[in-house]
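J.: A predicted structure for the sequence below; I have some questions about it.
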Amino acid sequence: MLFHVEMTVNLPHDLPKDQADRLKATEKAQAQELQRSGKWRHLWRVAGQYANVSVFDVSGAGELHEILSGLPLFPFMQIEVKALCRHPSAIADDGA
Ligand SMILES: O=C(O)C[C@H]1C=CC(=O)O1
């Protein structure tokens, strides 16, 4: 199943810089591993915001929740999820 996910990050202003840098580095490694696995299909920065729009390809909402709640930045993110299905006019054969 494909899911459109928008994550907006709000790090506390008083979070020490070294702690924030560590969280971001761990998050990056995990995000890149999930992209390599094919589960995190698209990752786009929302221009002008500390936010991303992503597409996940997972077995269902349960797996998506497991992945999202396991992200190091999860406690600092506002997340919106939309389930996707194939559009009847779509010509791309991308497994949706
Ligand atoms: O920067 C972000 O949008 C938050 C998060 C998502 C992937 C990643 O590396 O960090």
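T.: Nice, thanks for sending it over.
J.: flag every residue of the chain that's near the ligand.
T.: 7, 9, 27-28, 31, 52, 73 (C-beta under 6 Å from any ligand atom). Backbone N, C-alpha and C define where each C-beta goes, glycine included.
J.: need the buried ones from those residues selected in PyMOL.
T.: To isolate in PyMOL the members of these that are buried, counting by 16 or more other C-beta atoms under 10 Å, one can use:
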select buried, resi 7+9+27+31+52+73
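J.: packing partners of the longest helix that the chain contains?
T.: Counting by DSSP state H, the longest helix found in the chain is helix 17-37. Where contact means 3 or more C-beta pairs under 8 Å, 6 or more residues apart in numbering; DSSP states H and E, helix 17-37 is packed against strand 40-45.
J.: in the strand it packs on, what's buried?
T.: Going by 16+ other C-beta under 10 Å, strand 40-45 has these buried residues: 40-41, 43.
J.: ok, stretch 44-55 next?
T.: So stretch 44-55, judged by 16+ other C-beta under 10 Å, has buried residues 51-52, 54-55.
J.: with stretch 64-78 instead?
T.: Burial within stretch 64-78, assessed by neighbour count using 16+ other C-beta under 10 Å, is assigned to 64, 67-68, 71-73, 76-77.
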